[in-house]
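Peer 1: give me a 3D structure for the following:
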Amino acid sequence: MTSWDDGHPLDLRIGEMLIKHGLAGTFFVPIQNREGDAVMTGAEMRELDSAHEVASHTRTHRYLLSCSSSDALAEIETGKQQLEDFLGHSVEGFCYPGGKFDQKISRMVRNAGFSYARTVENLRIDFGQNLWEIPTTLQFYPHGPSTLLKNSARHWAFSKPTLILPRFRHRDFFAYARYLAQYCVKSKAIFHLWGHSWEIEEFGLWAELDNFFDFLGDLPCPSQTLRSAIKSHRNWTDS
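Peer 2: Modelled structure (predicted):
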């Protein structure tokens with residue numbers, strides 16, 4: 001799975017690249033970005049939604065722990081409603097801006113009618129313990145091992161992860177990303193890549209991303225949006 005945050009117009013470029021390599025993506029889109037960054041128009045959201053999944057990222061990309069409960073609820077509910085108005089259908093997915101949330105915020109998201117919510121917890125190869133706190137495997141950004149481990153340490157301290165984490169065998173980030181994807185295929189686990197299109201542009205990573213998509217497209221496993229993967233997961237657990 002791949003998912004992409006913030007709804008920047010460059011998400012359309014990522015969407016085209018995913019199609020080129022036979023991959024699917026989920027794009028978490030706010031209606032506006034209070035930080036001043038560009039966001040896709042309604043027409044652009046519909047264009048992306050025709051081939052991928054477009055999901056919610058609040059109304060204005062506001063960090064929900066930094067505002068009152070009423071404002072947080074408004075961000076969650078209004079973001080969902082306005083995105084659904086743009087797309088013309090219901091929206092099932094949500095992503096916490098900045099990965100900032102607590103159990104109260106998680107309940108708000110669930111009560112607002114979302115089927116799942118994604119976090120920024122990394123180095124996981126499963127769906128987590130509940131569908132409103134879905135972890136990820138890797139952000140497409142050349143972090144070093146210390147940063148990756150730091151971003152996961154607080155979760156490991158309080159719970160037993162359901163994965164067997166492979167050792168860092170590569171100092172090069174992109175080599176490690178390939179190794180980890182292959183590890184997931186071999187282990188019949190979930191590989192969940194995420195990132196930001198504006199960050200790909202800022203750091204000149206388009207060629208690396210295209211090469212990595214080419215690599216993922218050749219792996220002997222299906223590529224799914226988060227919505228379709230969740231449905232498959234539910235059918236599997238129900239059976």
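
Peer 1: just list what the helix or strand containing residue 12 packs against, helices and strands only.
Peer 2: Element membership of residue 12 [criterion: DSSP states H and E] is helix 11-20. On a contact count with 3 or more Cβ pairs under 8 Å, 6 or more residues apart in numbering; DSSP states H and E, helix 11-20 meets strand 2-5, strand 26-29, helix 42-49, helix 197-202, helix 206-217. Placement of C-beta: from N, CA and C, glycine included.

Peer 1: tell me which of those is the most buried.
Peer 2: Mean neighbour count (mean count of other Cβ atoms under 10 Å) peaks for strand 26-29 among those, with a mean of 28.

Peer 1: sheet partners, orientation included, of it?
Peer 2: Strand 26-29 has the following strand partners under DSSP bridges: strand 2-5 (parallel), strand 53-56 (parallel).

Peer 1: following the helix or strand bottoming out on mean pLDDT in the chain, which helix or strand shows up next?
Peer 2: Here the helix or strand of the chain ranked lowest by mean pLDDT, DSSP states H and E is helix 145-156, holding a mean of 56. Tracing the chain C-terminally past helix 145-156 and defining elements by DSSP H and E, one meets helix 173-187 next.

Peer 1: packing partners for the helix or strand just after that following helix?
Peer 2: Counting by DSSP H and E, the next helix or strand C-terminal to helix 173-187 is strand 193-195. Counting contacts by 3+ Cβ pairs under 8 Å, 6+ apart, strand 193-195 is packed against strand 2-5, strand 138-139.
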